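J.: Quick one: sequence plus predicted model below, questions after.
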2 protein chains.
Amino acid sequence: MNTPFPFPNAGRPSNRQIVLGRRPNGTPSADDFAIWHAEIPHVQPGEVLIRNLFLSVEPAMRGWVNIAANYGTPVPVGGLMPSFAVGEVIESRLDGFEVGDHLMGMFGWQEYCVAGAGAIKRKILERDLSVSLALGILGVNGITAYFGTVETARAARGETLLVSTAAGAVGSAVGQIAKILGCRVIGIAGGAEKTEWCKSLGFDVAVDYKAPTFAEELAAACKGGVDVFFDNTAGPVADEAAKHLSRGARVVVCGTSSIATWDPWPVGPRIERALLVKRASMTGFLVMDYEARYQEAVDWLAPHVRSGRLAFREDITDGLESAMPAIGELYSGVNRGKRLIRLGRA
Amino acid sequence: MNTPFPFPNAGRPSNRQIVLGRRPNGTPSADDFAIWHAEIPHVQPGEVLIRNLFLSVEPAMRGWVNIAANYGTPVPVGGLMPSFAVGEVIESRLDGFEVGDHLMGMFGWQEYCVAGAGAIKRKILERDLSVSLALGILGVNGITAYFGTVETARAARGETLLVSTAAGAVGSAVGQIAKILGCRVIGIAGGAEKTEWCKSLGFDVAVDYKAPTFAEELAAACKGGVDVFFDNTAGPVADEAAKHLSRGARVVVCGTSSIATWDPWPVGPRIERALLVKRASMTGFLVMDYEARYQEAVDWLAPHVRSGRLAFREDITDGLESAMPAIGELYSGVNRGKRLIRLGRA
């Protein structure tokens, strides 16, 4: 068997991994992680060996490492930090996958990954575009925006869509998709630079939640009622937005970025009456439920990326270590666009 | 024109009405209402004169008289208390309606009502059954339970449905409809008499929210997860129930009886993460949106009433004055079944 590594007689290189060093309560900091040097397992039948090119940093990772109610069991202390990543196949014993294929999947915060079919989410077919896009506008962010807006929210031509964290990787895609669908789009973002960027994307209105006049400005922007509220925050900004729902409005709960921890469980204004009076609905959205349909979203999104209609920003740092503080940075509001860690070039 | 009144030479009798005497904040008491003697207007073309037989008392009336965010403008001070009622047509100048017809509609807390087509909700065709049922199990309560369970909740065979205020006019119908649909049904009610009654209706489990072991008992009953939570409370009981949603669960917000006032707006545990983690939805339900389809629900419900499969209780007092304290009595938990005011016999 040929070794895929460029060190034919040197044995396999070590695989640097980021592991969870201790359990955080709330937003994890760099100190909560550690670097671990592991061996790369031999590839078994049904597996591929992947060299990771880009690692993703997601707001949802805060939830993955915390102990409170979550989608599954939290990342164990000492365990590899799970992550979406894109990588290149350097050895394959899995039917349908060949050396040189670019894949997106749950490959973890590490340099190399031996993966079975279950960890592979998509073969990247749009080889004319940067492979990094498969983690952003053509990855989980864009796919989340697409299915959340089109299916869960059922946003329709002529309706008004409001989106929070509007300058973020998901929010900016939601607003632009809604514009393509024919909606009036209002974005909520923090600070003038972000609201200006939203306007440059074609949003009809962008409101700065850090401004002292936020409530009044939002009320003015939402005067005709909000048919779809795509929320990534679950905090005071969302509470303000909930006052402007129109009859039959759909609220998509896509994230809860305003809530640093769910232990203890936070309180807020009760939503029941707002939903009842407006016959509105509020629905949780998780992109993982759409795994089997990722390519369908990419097929819709990619032409708009190529034409420039669907703009995006990437915020890339180099080197595995730069992932360690990156979750915390997402929540401090300093980053611009999809946060990525570059390990190598395709 | 023949007068419909049995006093041919005495002119028209006065019409006793209950009006809102002052604006309550929270649950209205008898003192918030007054009796008013009004003239009965002459019937114009397109109208009928109705002698009210039964008046309804609804939990929702608390909302109608309060000033806080509501479905419409609140009942004005000095204005007739609006209400569903059933009555007999004693004069008709409206096509399709004849003297002797029994009607259900928004006829108000008064003895007589001159009504146009807009106030008439349904002609009562099931003349073999008590006319009072058109305000309860075959009225807004049963119709609410039917559309809320079948359409908003999409309760399906084999699923688990949890309902709060399970011994109430809506809740008891919800549970029984769900049993007919093939669901496992868990009811939450206050006190042993009410939980026993729920069990006698065929509920699989009935949990007493007044018991000190309520949380544990509810958790045990909901161990397999709750697919549908039909809520009439929006308070601590609902918060406890929200912990047991299954993946893809549907929460129907049908009422907010635990919240005495929305001014100031109450706080509670944030629901967003529970919905997100479970990809669950929470939807406001108002029966008035189904007005055009009331007969469809009655056609489904009536055979089950006749067969005895769909049981109900009525809590009837005689005389217009007995309506004045009745809203408050609904919230004190003393009544059993649909609360009605009887003014006359068919």
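T.: Perfect, I can see it now. Numbering: from 1, shown residues only, chains lettered A, B, ... in the order given.
J.: so A:Arg313 makes contact with A:Asn335?
T.: No. At 9.2 Å, A:Arg313 does not count as touching A:Asn335 under the criterion of C-beta atoms under 8 Å. (Each C-beta comes from the backbone N, C-alpha and C, glycine too.)
J.: Which one's more surrounded, those two?
T.: Comparing A:Arg313 with A:Asn335 by other C-beta atoms under 10 Å in any protein chain shown, the one with more neighbours is A:Asn335, at 18 against 15.
J.: Give me the pLDDT value at the more buried one.
T.: Listed pLDDT for A:Asn335 reads 80.
J.: cool, and A:Ile316?
T.: At A:Ile316, pLDDT is 96.
J.: same thing with A:Leu286?
T.: Predicted confidence (pLDDT) for A:Leu286: 95.
J.: With A:Asn9 instead?
T.: With respect to pLDDT, A:Asn9 scores 39.
J.: swap in A:Ser258?
T.: 91.
J.: Quick check: it is in a strand.
T.: No. A:Ser258 is assigned coil when assessed by DSSP: H, G, I helix; E, B strand; the rest coil, not a strand.
J.: so it makes contact with A:Asp239?
T.: No. Judged on C-beta under 8 Å, A:Ser258 makes no contact with A:Asp239 at a distance of 9.4 Å.
J.: Tell me the secondary structure at the residue nearest the centre of chain A.
T.: Centroid-nearest residue in chain A: A:Asn141, 4.2 Å away (criterion: C-alpha atoms, centre = their mean). What three-state DSSP gives for A:Asn141 is helix.
J.: which residues sit in contact with it?
T.: By C-beta atoms under 8 Å, 6 or more residues apart in numbering or on different chains, the residues touching A:Asn141 are A:135, A:169-170, A:173, A:338.
J.: before we move on, what about A:Pro266?
T.: So A:Pro266 contacts A:259, B:269-270 (C-beta under 8 Å, 6+ apart).
J.: Let's see if you can find the most crowded of these.
T.: Neighbour-wise, the contacts of A:Pro266 (other C-beta under 10 Å) top out at B:Arg270, 23 neighbours.
J.: any idea whether the closest residue to it other than its chain neighbours is helix, strand or coil?
T.: Leaving aside its chain neighbours, B:Arg270 sits nearest to A:Gly268 (4.6 Å; criterion: C-beta to C-beta, 6 or more residues apart in numbering or on different chains). Secondary structure, three-state DSSP: A:Gly268 is strand.
J.: Output the set of residues of the stretch 201-346 of chain A in proximity to chain B.
T.: Within reach of chain B by C-beta under 8 Å from any C-beta of the partner chain, the stretch 201-346 of chain A has these residues: A:231, A:234, A:238, A:253-256, A:259, A:262, A:265-286, A:289.
J.: Mind checking which of those residues are buried?
T.: Neighbour-count burial within these applies to A:231, A:234, A:238, A:253-256, A:259, A:262, A:266, A:268-286; the criterion is 16 or more other C-beta atoms under 10 Å in any protein chain shown.
J.: Show only the entries of those residues found in strands.
T.: A:231, A:253, A:268-269, A:281-284 (DSSP state E).
J.: Let me know how buried A:Ala292 is, in neighbour terms.
T.: Using other C-beta under 10 Å, A:Ala292 has 7 other residues around it.
J.: Quick check: phi and psi at it.
T.: Main-chain torsions, A:Ala292, degrees, to the nearest 10: phi -70, psi -10.
J.: ok, so what distance separates it from chain B?
T.: Separation of A:Ala292 from chain B (C-beta to the nearest C-beta, to the nearest Å) stands at 15 Å.
J.: before we move on, back to that, looking at A:Ser258 and A:Asp239, which has the bigger crowd around it?
T.: Higher neighbour count among A:Ser258 and A:Asp239: A:Ser258, with 21 against 18, using other C-beta under 10 Å.
J.: hmm, who's touching stretch A:191-211?
T.: Contacts of stretch A:191-211 (C-beta under 8 Å, 6+ apart): A:166-167, A:172, A:175-176, A:179, A:184-190, A:214, A:217-218, A:221, A:237, A:311, A:313, A:333, A:336.
J.: Go again with 6 Å.
T.: By C-beta atoms under 6 Å, 6 or more residues apart in numbering or on different chains, the residues outside stretch A:191-211 that reach it are A:166-167, A:175-176, A:179, A:184-190, A:217-218, A:221, A:237, A:311.
J.: cool, and stretch A:323-338?
T.: A:18, A:27-30, A:33, A:55, A:57, A:59, A:61-62, A:109, A:136, A:169, A:190, A:313-315, A:339, A:341.
J.: go again using 8 Å as the cut-off
T.: Contacts of stretch A:323-338 (C-beta under 8 Å, 6+ apart): A:18, A:27-30, A:33, A:55-59, A:61-62, A:81, A:83, A:109, A:135-137, A:141, A:167, A:169, A:172, A:190-191, A:193, A:197, A:257, A:260, A:312-315, A:317, A:339, A:341.
J.: Break chain A into its domains for me.
T.: As assigned by automatic domain parsing, chain A contains the domains A:15-136+A:312-342, A:140-288.
J.: Deepest-packed of these, please.
T.: Comparing those by mean neighbour count (mean count of other C-beta atoms under 10 Å in any protein chain shown), domain A:140-288 ranks first with a mean of 22.
J.: now the stretch 1-150 of chain A, which segments are flagged as low pLDDT?
T.: Applying pLDDT under 70 to the stretch 1-150 of chain A flags the ranges A:1-12, A:68-72.
J.: could you list every residue that touches the residue in the stretch 101-250 of chain A positioned nearest to chain B?
T.: Of all residues in the stretch 101-250 of chain A, the one sitting closest to chain B is A:Ala234 (3.8 Å; C-beta to the nearest C-beta). A:Ala234 sits next to A:253, A:255-259, A:268, B:270, B:272-273 when contact means C-beta under 8 Å, 6+ apart.
J.: Show me the helices in chain A, by range?
T.: Along chain A, counting by DSSP state H, helices occupy A:61-65, A:140-147, A:169-181, A:192-200, A:214-221, A:236-241, A:272-278, A:294-307, A:326-332.
J.: Quick one: closest of those helices to B:Leu125.
T.: helix A:272-278 (30.5 Å; C-beta to C-beta).
J.: And that closest one, what does it pack against?
T.: Here helix A:272-278 touches strand A:245-253, strand B:245-253, strand B:281-284, going by 3 or more C-beta pairs under 8 Å, 6 or more residues apart in numbering or on different chains; DSSP states H and E.
J.: Distance to A:Asp227 added to those strands, as JSON lines?
T.: Formatted as JSON lines, these follow (distance: least, C-beta to C-beta, whole Å):
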{"stretch": "strand A:245-253", "distance to A:Asp227": "5"}
{"stretch": "strand B:245-253", "distance to A:Asp227": "19"}
{"stretch": "strand B:281-284", "distance to A:Asp227": "15"}
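J.: of all those, which lies closest to A:Gly158?
T.: Of all the helices and strands packed on helix A:272-278, strand A:245-253 sits nearest to A:Gly158, with 12.0 Å by C-beta to C-beta.
J.: number of nearby residues for the closest residue to A:Val305 other than its chain neighbours?
T.: Distances taken as C-beta to C-beta, 6+ apart place A:Ile137 nearest to A:Val305, at 5.9 Å, with adjacent residues excluded. A:Ile137 is flanked by 30 other residues according to other C-beta under 10 Å.
J.: can you tell me how far A:Ile137 sits from B:Ser172?
T.: Per C-beta to C-beta, to the nearest Å, A:Ile137 is found 52 Å from B:Ser172.
J.: same thing with A:Ile186?
T.: Counting by C-beta to C-beta - A:Ile186 and B:Ser172 are separated by 43 Å.
J.: now do A:Glu216
T.: As judged by C-beta to C-beta, A:Glu216 and B:Ser172 stand 46 Å apart.
J.: again with A:Ile341
T.: Per C-beta to C-beta, A:Ile341 is found 57 Å from B:Ser172.
J.: With A:Val252 instead?
T.: Applying C-beta to C-beta to A:Val252 and B:Ser172 gives a distance of 34 Å.
J.: picking that back up, show me the one of the helices and strands packed on helix A:272-278 that comes nearest A:Glu39.
T.: Among these, strand B:245-253 sits nearest to A:Glu39 (C-beta to C-beta), with 37.2 Å.
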